[in-house]
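1. Only the shape, not the letters, is given here:
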């Protein structure tokens, strides 16, 4: 693995960025007077800030490094994770769901579940979410430490501790506001670091036409039609005819509906950003504003991956090449670092690496702020110390930040020792998350749904996901962490296809069981559901707003734009 | 929430942009001096953010 040598100017850029991040946290310290200031930014932030934070909280290392790696591995089909697997769900949560989240004055997603359903449903969601955020944060930290060790020769322990301390300082000082402001800063820095990489790479391969010609060779060498790496839907008729290994229905239903709506519409990590907005209208526009850059991000993240594989396969000896793993297969995870090292001289290299660090930090800070809110409001206040003063919960929020960072560091070290344990934990969280959207959909749009229905629906959906995973295997895999541990009765063409179908089964079971149990149990009182269910909530009036300010109009424009992108790259 | 985030964004971009541009004017993968080019772009973007924040501040103080 070739090392990247940094010049003094690169270190200077990293230091300037770090000083700004901590400085923003310090400047906000004096505004943190109540727990609402610390956990919800006093609900006082404008829509453009919460919108960019809504997107940036999701731009963790796994996103930036992982999507570029997928771009190299699967080609433009990776854009399905944006144009099918994110934007429609972001429009839905902005137009239809945000009135309930923001209007109910719930301080967290688990608290909404308590208001709409009951305590046990809230507890189930709060505990699984709190554990999941800590492990996600730890995995992000581990990935960053590993990358800096391999790439720059830095000490793994020092990398993890320095990054953890920086995030700890700015979150402890300024709470959610500090995280959101830094996420906005990090968003612009990520664009500044990655845009020149995409432009230089595209120029180098001869523009889009040159890239298409090179990728046609890559496709043919792998046994696909020449356009398989540059067409979104043209090769999705069957799983075997495209690099993703998933057919169109599994992509639309598994990724485009269950997984994407489950994440963007119910995950407190992103919903928390919208809850910090200064008005209902700003909260509704938050995901819609985020959807615009989300649509464009494939050109920033996936395109460098496509360029990397095109250069690797067609440059010949001495040209750019992705490194190989010990087993001889290409190490796609090194796509972005290798591209930075190839195209950027000193100076720009510092900017690119700082952008990468910013993505690690924004992902980690997002997880930590979501964790400290859920811990304080939905676990500590709900079950441990329910009747303390607001100052006490503000203090607990800061303690939870320290605890969350400490647990993240522990999870990072756990990942170094037991990589399979982390894979297993991520699998369990996937089982818990997959059915969630069915619970929210029925909770918000069907007033007959009951607490018992929601709880048993969630449990049965999770069980269905685990059962499906235990009975299925991706082609070419051995039984174990990849599935088949109950005896494989069905085989999927790829791991991704198995994941999509696991989500479809989980969602369907949760949806059906929630309805059946709800019909068999006593209906909730309608007076208790006002502001929580669509049919019992006063509709948001957009009268007096210009056409471009109305969430529904914005949503339609965004959907039209994303449909156009799907059509252009069909 | 007290702090106008446009100021730190503008300031950071101006400082990083000038750092890159000055470095670009000093040392020898399309052969262009990308530090100078991108440094100027970032400085301009940072300046635009600072102007935007000043415009917002003067508008809120006049209300």
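-> Great, that's in hand. Quick caveat: nothing in here was measured; it's all calculated off a predicted structure.
2. Could you use CA atoms for every contact and neighbour count after this?
-> Noted.
3. Share the number of residues neighbouring the residue in the stretch 451-570 of chain A that chain B sits nearest to, please.
-> Taking CA to the nearest CA, chain B has its nearest neighbour within the stretch 451-570 of chain A at residue A:549, 19.3 Å off. Using other CA atoms under 10 Å in any protein chain shown, residue A:549 has 14 neighbouring residues.
4. can you pull the pLDDT of it?
-> Note on residue A:549: pLDDT of 75.
5. tell me which strands and helices the longest helix anywhere in chain A is in contact with?
-> In chain A, ranked by residue count with DSSP state H as the criterion, the top helix is helix A:156-204. Taking 3 or more CA pairs under 8 Å, 6 or more residues apart in numbering or on different chains; DSSP states H and E as contact, the helices and strands that helix A:156-204 lies on are helix A:8-28, helix A:35-40, helix A:47-56, helix A:119-152, helix A:280-314, helix A:335-343, helix A:348-373, helix A:390-417.
6. average pLDDT across that helix?
-> 88.
7. and that helix with helix A:119-152, angle?
-> 80 degrees (axes from the mean of the first three to the mean of the last three CA atoms, to 10 degrees).
8. Tell me how far helix A:156-204 lies from the chain's centre.
-> For helix A:156-204, the separation from the chain centroid amounts to 15 Å (computed by CA atoms, centre = their mean, to the nearest Å).
9. Please apply the same query to stretch A:308-324.
-> 30 Å.
10. buried sites along it?
-> Buried residues in stretch A:308-324, counted by 16 or more other CA atoms under 10 Å in any protein chain shown: A:308, A:309, A:310, A:311, A:312, A:313, A:320, A:321, A:322, A:323.
11. if we take these, which one ends up nearest to chain B?
-> Of all the buried residues of stretch A:308-324, chain B sits closest to residue A:320, with 11.2 Å by CA to the nearest CA.
12. Dihedrals phi and psi, the closest one?
-> phi -70, psi 140 (degrees, to the nearest 10).
13. For residue 39, list the residues it contacts.
-> In the absence of a named chain, chain A is used. Neighbouring residues of residue A:39 by CA atoms under 8 Å, 6 or more residues apart in numbering or on different chains: A:175, A:176, A:369, A:372, A:373, A:397.
14. that's the wrong chain, I wanted chain B
-> B:16, B:17, B:18, B:19, B:20, B:21.
15. next one: residue A:280
-> Residues counted as contacts of residue A:280 (CA under 8 Å, 6+ apart) are A:99, A:102, A:103.
16. Among the residues you listed, find the one with the greatest number of neighbours, please.
-> residue A:102 (26 neighbours).
17. Report pLDDT for it.
-> pLDDT recorded at residue A:102 is 87.
18. re earlier: mind putting the buried residues of stretch A:308-324 in CSV, distance to chain B and pLDDT included?
-> Output for those, formatted as CSV (distance: CA to the nearest CA, whole Å; pLDDT from 0 to 100):
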residue, distance to chain B, pLDDT
A:308, 15, 91
A:309, 18, 86
A:310, 18, 90
A:311, 14, 85
A:312, 16, 84
A:313, 19, 74
A:320, 11, 77
A:321, 15, 80
A:322, 17, 80
A:323, 19, 81
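19. Surely residue A:515 touches residue A:455?
-> No: counting by CA atoms under 8 Å, residue A:515 sits too far from residue A:455 to count as a contact (11.3 Å).
20. Compare those two (neighbour count), which wins?
-> It is residue A:455, of residue A:515 and residue A:455, that has more neighbours when counted by other CA under 10 Å, with 25 against 20.
21. The more buried one - that's part of a strand, no?
-> No: counting by DSSP: H, G, I helix; E, B strand; the rest coil, residue A:455 falls outside a strand, being helix.
22. got a list of what it touches?
-> A:120, A:121, A:514.
23. next one: residue A:28
-> With contact taken as CA under 8 Å, 6+ apart, residue A:28 is in contact with A:173, A:174, A:177, A:178, B:2, B:3.
24. For residue A:70, pull up the helix or strand it's in.
-> Using DSSP states H and E, residue A:70 sits within helix A:61-74.
25. And the contacts of that helix?
-> Residues from elsewhere that reach helix A:61-74, judged by CA under 8 Å, 6+ apart: A:77-78, A:140, A:143-144, A:229, A:243-244, A:301-309, A:332-336, A:356, A:359-360, A:363.
26. try it again with 6 Å
-> The contact list for helix A:61-74 (CA atoms under 6 Å, 6 or more residues apart in numbering or on different chains) reads A:78, A:243-244, A:301-302, A:305-306, A:309, A:332-333, A:335, A:359-360.
27. Tally up the residues packed near residue A:390, please.
-> 13.
28. Equivalent analysis for residue A:328, please.
-> Residue A:328 has 8 nearby residues by other CA under 10 Å.
29. same deal with the one 10 residues further on?
-> One way to gauge burial is a neighbour count; for residue A:338, by other CA under 10 Å, it gives 21.
30. Tell me the pLDDT of it.
-> On pLDDT, residue A:338 comes in at 82.
31. how much space between the spatially closest residue to residue A:238 that is not a sequence neighbour and residue A:228?
-> Spatial nearest neighbour of residue A:238, excluding adjacent residues (CA to CA, 6 or more residues apart in numbering or on different chains): residue A:247 at 4.8 Å. Distance, residue A:247 to residue A:228, using CA to CA, to the nearest Å: 13 Å.
32. which parts of chain A sit against chain B?
-> By CA under 6 Å from any CA of the partner chain, the part of chain A that sits against chain B consists of A:185, A:343, A:347.
33. Report the contact partners of the first one.
-> Residue A:185 makes contacts with residue B:9, as judged by CA under 6 Å, 6+ apart.
34. Same check on the one 5 residues further on?
-> Shown here is residue A:190, whose contacts under the criterion CA under 6 Å, 6+ apart are residue A:355.
35. next one: residue A:172
-> Per CA under 6 Å, 6+ apart, neighbours of residue A:172: residue A:398.
36. Listing request: residues of the chain with sub-threshold pLDDT.
-> Reading this off chain A. Counting by pLDDT under 70, the ranges of chain A that qualify are A:1-3, A:62, A:105, A:315-318, A:417-426, A:429, A:538-540.
37. please go with chain B instead
-> Applying pLDDT under 70 to chain B flags residues B:1, B:27-32, B:56-63.
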